[in-house]
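S.K.: Fold the following, please.
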Amino acid sequence: MSQPVELPRWLDLVVLPMVNLAMAFAVSAVVLVSIGQDPVQVLVLLVKGAFGSRAGLSYTLYYATTFVFTGLAVAVAFHAGLFNIGGEGQAMMGGLGAGLMALGFAQTLPAWLLLPLMVLAAMVFGMAWAALPGALQAWRGSHIVITTIMFNFIASALLIYLLVNVIKEPGNMTPESRAFGAAAQLPGMHTMVGWIGLDWPRTPLNFSVLLALAAAVGVYGLLWRTQPGYALRAVGHAPDAAHYAGIRPRAQIVRAMALSGALAALVGINEIAGVHHRLMADFVAGAGFTGIAVSLIGRNHPLGIVLASLLFGALYQGGAELAFEIQGFSRDMVFTLQGLIVLFAGAMAQVAAPGLARIYQWLRKAPLAQASHG
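M.R.: Here you go, the predicted structure:
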């Protein structure tokens with residue numbers, strides 16, 4: 001079995017992902033040409049749709065906010081040696097926690113108190129839902145991939161049951177709760193910008209974008225600047241050595257999964273408190289699985305995850321614009337591009353590494369050779 005190629009950190013974290021993205025776009029261009037589309041026109045319109053207006057930029061950032069949460073969730077578990085693919089269910093539970101808090105107290109508590117309580121409730125629900133598979137692996141040997149997949153289905157079934165039989169709005173045929181009171185609604189970006197006298201279009205972008213940035217900074221600080229973060233990464237890289245050094249691997253597994261679940265649960269805040277203002281059945285919409293691709297492309301680093309989230313946010317928003325602007329262009333083609341990015345950045349992430357390593361070694365040796373001949 002071939003071993004992964006060792007690259008300098010800056011090459012591994014910056015250059016290699018860029019090369020992989022370039023390969024994905026090159027293959028996408030071939031696909032577009034084969035179906036009669038102009039790749040340059042598609043790229044220009046995609047970028048224009050995602051970043052060419054304040055409304056487009058807002059939608060891109062709104063999608064990116066959700067992907068930051070789920071990407072960080074995957075990354076935290078990965079650094080502990082775990083592959084958490086249960087972000088979908090953990091986000092559902094986060095929305096459930098925030099929704100129950102809003103339904104119970106929106107009429108009695110002020111916004112400055114209720115909104116933090118909703119964030120806390122979402123994180124607690126997500127932590128609990130993710131800690132259970134973590135405990136099953138730590139003490140019973142259950143594989144984390146299998147248990148988190150199953151917990152996604154259980155979370156979906158539980159949420160649907162509650163929405164249909166317990167908290168559905170009377171007289172509404174759709175399985176969703178009644179609308180939250182004003183105290184349970186996060187301010188939108190248009191409202192926040194209006195506080196300083198600026199005009200901004202009304203879009204789903206809301207205060208959660210600042211929570212996402214804070215989460216990225218917090219995850220970086222925790223993993224690389226604190227002793228608990230060092231212990232978590234030590235278990236992920238060398239569990240036997242960590243155990244010999246006095247670190248309890250079982251406890252670290254549960255803690256990593258709990259933190260991972262808390263991050264994924266914040267999707268519920270973005271969607272439930274920031275956009276829909278009611279508890280719904282399908283508000284996650286696959287974001288938990290997209291977070292896996294985001295984390296892979298971002299090399300499981302918070303900065304990389306933020307940039308990868310912007311990329312996927314641009315694909316979502318720009319792809320919607322393409323479907324309107326180009327005749328015969330469908331969202332399925334955007335999904336194809338996303339799939340190619342995941343393929344080259346995930347399953348084939350190391351394909352370009354040997355060639356990149358040879359180029360790097362050649363560039364290092366070339367000045368030495370010139371000096372020796374000079």
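S.K.: so who does Val164 touch?
M.R.: The contact partners of Val164, taken as CB atoms under 8 Å, 6 or more residues apart in numbering, are Pro175. For the C-beta atoms, the positions are set from N, CA and C on the backbone; glycine is no exception.
S.K.: buried set for the longest helix seen in the chain?
M.R.: Taking DSSP state H as the criterion, the chain has its longest helix at helix 111-140. Within helix 111-140, the residues that count as buried by 16 or more other CB atoms under 10 Å are 111, 114-115, 117-119, 121-138.
S.K.: what do you get for stretch 27-46?
M.R.: Val27, Ser28, Ala29, Leu32, Gln37, Val42, Leu43, Leu45, Leu46.
S.K.: Now do the phi/psi pair for the second one.
M.R.: Spelled out, that is Ser28. Torsion angles at Ser28 (phi, psi; degrees, to the nearest 10) stand at phi -60, psi -40.
S.K.: show me where pLDDT drops low in the chain?
M.R.: Scanning the chain with the threshold set as pLDDT under 70 gives 1-6, 328, 345-349, 366-374.
S.K.: Which parts of it are strands?
M.R.: Applying DSSP state E to the chain gives no strands.
S.K.: So which of the buried residues of stretch 27-46 sit within helices?
M.R.: Per DSSP H, those map to helices at Val27, Ser28, Ala29, Leu32, Val42, Leu43, Leu45, Leu46.
S.K.: Rebuild those as CSV, extending it with distance to Leu279.
M.R.: Listed next are these as CSV, based on distance: CB to CB, whole Å:
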residue, distance to Leu279
Val27, 41
Ser28, 37
Ala29, 42
Leu32, 40
Val42, 37
Leu43, 39
Leu45, 36
Leu46, 33
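S.K.: Which member of those residues is positioned nearest Gly94?
M.R.: Closest approach to Gly94 among those (CB to CB): Leu46, at 30.6 Å.
S.K.: ok, the nearest residue to that closest one once chain neighbours are set aside - contacts?
M.R.: Nearest residue to Leu46, sequence neighbours excluded (CB to CB, 6 or more residues apart in numbering): Gly318, at 3.6 Å. With contacts defined as CB under 8 Å, 6+ apart, Gly318 is in contact with Leu45, Leu46, Val47, Lys48, Gly49, Ala50, Gly56, Thr60, Val334.
S.K.: I'd say the second one and Leu322 touch.
M.R.: Yes. Taking CB atoms under 8 Å as the contact criterion, Leu46 and Leu322 are neighbours in contact, 5.9 Å apart.
S.K.: quick revisit: of all pairs in the buried residues of stretch 27-46, which one is the farthest apart?
M.R.: Maximum pairwise distance in the buried residues of stretch 27-46, criterion CB to CB, is 19.2 Å, between Val27 and Leu45.
S.K.: Closest one of the ones in helices among the buried residues of stretch 27-46 to Ser142?
M.R.: Nearest to Ser142 among those: Val27, at 37.8 Å, using CB to CB.
S.K.: Contact partners for the closest one?
M.R.: Applying CB under 8 Å, 6+ apart to Val27 gives the contacts Leu340, Phe344.
S.K.: Glu321 and Tyr59, how far apart?
M.R.: Per CB to CB, to the nearest Å, Glu321 is found 9 Å from Tyr59.
S.K.: Which one's more surrounded, those two?
M.R.: Neighbours per residue, other CB atoms under 10 Å: of Glu321 and Tyr59, the larger number sits with Tyr59, 24 against 20.
S.K.: what's the nearest residue to that one if we skip its chain neighbours?
M.R.: Nearest non-adjacent residue to Tyr59 (CB to CB, 6+ apart): Gln317, at 4.4 Å.
S.K.: So what's the residue count around that neighbour?
M.R.: Using other CB under 10 Å, Gln317 is surrounded by 24 other residues.
S.K.: Pretty sure it sits against Gly49.
M.R.: Yes. Counting by CB under 8 Å, Gln317 touches Gly49, with 6.1 Å between them.
S.K.: anything in contact with each of the two?
M.R.: Among the neighbours of Gln317, those also in contact with Gly49 (CB under 8 Å, 6+ apart) are Gly56.
S.K.: And the longest helix of the chain, what does it pack against?
M.R.: On a contact count with 3 or more CB pairs under 8 Å, 6 or more residues apart in numbering; DSSP states H and E, helix 111-140 meets helix 87-105, helix 144-165, helix 249-268.
S.K.: Tabulate the ones you listed in TSV, adding columns for distance to Leu296.
M.R.: As requested, these are arranged in TSV below (distance: least, CB to CB, whole Å):
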stretch	distance to Leu296
helix 87-105	13
helix 144-165	15
helix 249-268	15
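S.K.: so how far is Ala130 from the nearest residue to Met92 once chain neighbours are set aside?
M.R.: Setting aside the residues directly before and after it, Met92 is nearest to Ala155 in space (CB to CB, 6+ apart), at 4.4 Å. According to CB to CB, Ala155 stands 10 Å off from Ala130.
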